[in-house]
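Participant: sequence plus the predicted model coming up.
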There are 2 protein chains.
Amino acid sequence: MGIENQNTQVMEIPSADLLDHWQGHRRLTRRLIEAFPEDKIFTYSIGGMRPFSDMVIEFLGMAAPGVRGMATGVWQPNVWTKPATKEALLQRWDEATEEINRYWPQITAARFLETDTAFGRWPGSIYSFFCYFVDNEIHHRGQGFVYLRSLGIEPPFFYERT
Amino acid sequence: MGIENQNTQVMEIPSADLLDHWQGHRRLTRRLIEAFPEDKIFTYSIGGMRPFSDMVIEFLGMAAPGVRGMATGVWQPNVWTKPATKEALLQRWDEATEEINRYWPQITAARFLETDTAFGRWPGSIYSFFCYFVDNEIHHRGQGFVYLRSLGIEPPFFYERT
């Protein structure tokens, strides 16, 4: 069997493992939110970048609205007022955690391979949206790690996801 | 069909798409290496963190050695001298790109679900290693974005992977 032939293979990943992978990253991000001082999370910035709170609000815009779109094909942004305290950020975070757990099991294996247009703007497969939501959170959360380090605060371990 | 039942599903992703996802991220990281000034990539740091060159060397330690381990079960670190110039980093990067393309198609769907111990130290499934190698690169590359911004250099777009 040649290499070309082998690469037509399809990898199989249990749906529950993918959910846990996402939620594991979200648990780490939650720890980062907690590690930021209340004032710094809304104001601190390096090189003209956004404060970490704005990044978290972006993650929240892809979390519950994202999983609902993946599951149902209806893409609707969050309708709440932007959280303005750390406590409010964490509350929205936990609500999104529940929403993801509720909607994820409704995404069938067939749906995972379908193409759609996320939020009416971004065409792609459902699993490409999943990858983007997770990757985007890892990317900006990594920037939050630098913010914390430059504030003299030790961030949580990247590999701890429990 | 209840939710519990649905969540025993197995998602299917074409092997070639996963390879392209990895290489797409690696193309973006390559652009970041190029964007750094020669001296700054080996010396510049924020908050006591590593210079970006050290992060790139870490990525290289998981790239070719990682894909070989995933494919063959033999986990061997790179044996070369650490690259000490940007040109040498980019050359090692391109060699790793070829290695990943060569070994990836040898990872069968069955192997992807097997458990192993990466580099004799980290137990997990082959696909969990794949996720970790990619996630770790996204995480630290995001930190490289902050380094560039704080140097007044505009980084490449996160979503461009071509």
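Facilitator: Arrived safely.
Participant: just the endpoints, please. Distance across stretch A:74-91?
Facilitator: One end of stretch A:74-91 to the other measures 24 Å (Cα to Cα, to the nearest Å).
Participant: which outside residues touch that stretch?
Facilitator: A:30, A:33-34, A:36, A:38, A:41-42, A:53, A:56-57, A:60-61, A:64-65, A:68-69, A:92, A:117-120 (Cβ atoms under 8 Å, 6 or more residues apart in numbering or on different chains). For glycine as for every other residue, the C-beta is placed from the backbone atoms N, C-alpha and C.
Participant: the strand or helix carrying A:L19 near chain B anywhere?
Facilitator: Using DSSP states H and E, A:L19 maps to helix A:15-35. Yes - using Cβ under 8 Å from any Cβ of the partner chain, helix A:15-35 reaches chain B at A:S15, A:A16, A:L18, A:L19, A:H21, A:H25.
Participant: could you double-check that the second one sits in contact with B:V10?
Facilitator: No - taking contacts as Cβ atoms under 8 Å, A:A16 lies outside contact range of B:V10: 9.5 Å.
Participant: where in chain A is pLDDT low?
Facilitator: By pLDDT under 70, the weakly predicted segments of chain A are A:1-6.
Participant: longest helix anywhere in it?
Facilitator: Counting residues, the longest helix found in chain A (DSSP state H) is helix A:126-150.
Participant: show me what that one is packed against.
Facilitator: helix A:15-35, helix A:52-72, helix A:109-113, strand A:115-118, strand A:122-125, helix B:126-150 (3 or more Cβ pairs under 8 Å, 6 or more residues apart in numbering or on different chains; DSSP states H and E).
Participant: quick one, what contacts A:F42?
Facilitator: A:P51, A:S53, A:A84.
Participant: how close does it get to chain B?
Facilitator: 18 Å (Cβ to the nearest Cβ, to the nearest Å).
Participant: and that residue, which of the three is it?
Facilitator: Here A:F42 is recorded as helix under DSSP: H, G, I helix; E, B strand; the rest coil.
Participant: roughly how far does it sit from B:P123?
Facilitator: For A:F42, the distance to B:P123 (Cβ to Cβ, to the nearest Å) stands at 40 Å.
Participant: picking that back up, what residues of the longest helix of chain A count as buried?
Facilitator: By 16 or more other Cβ atoms under 10 Å in any protein chain shown, the buried positions in helix A:126-150 come out as A:126-150.
Participant: and it with helix B:126-150, angle?
Facilitator: Angle between the axes of helix A:126-150 and helix B:126-150 is 50 degrees (criterion: axes from the mean of the first three to the mean of the last three Cα atoms, to 10 degrees).
Participant: off-centre distance for helix A:126-150?
Facilitator: Put simply, helix A:126-150 sits 7 Å off its chain's centre (Cα atoms, centre = their mean, to the nearest Å).
Participant: so that helix versus helix A:15-35, what angle?
Facilitator: 20 degrees.
Participant: what angle do helix A:52-72 and helix A:126-150 make with each other?
Facilitator: 170 degrees.
Participant: ok, back up a step: which one of the residues of helix A:15-35 next to chain B sits closest to chain B?
Facilitator: A:S15 (4.3 Å; Cβ to the nearest Cβ).
Participant: contact partners for the closest one?
Facilitator: Neighbour list for A:S15: A:W104, A:P105, A:I107, A:A109, A:F112, B:Q6, B:N7, B:T8, B:Q9, B:V10, B:M11 [criterion: Cβ under 8 Å, 6+ apart].
Participant: how about a cut-off of 6 Å?
Facilitator: By Cβ atoms under 6 Å, 6 or more residues apart in numbering or on different chains, the residues touching A:S15 are B:N7, B:Q9, B:M11.
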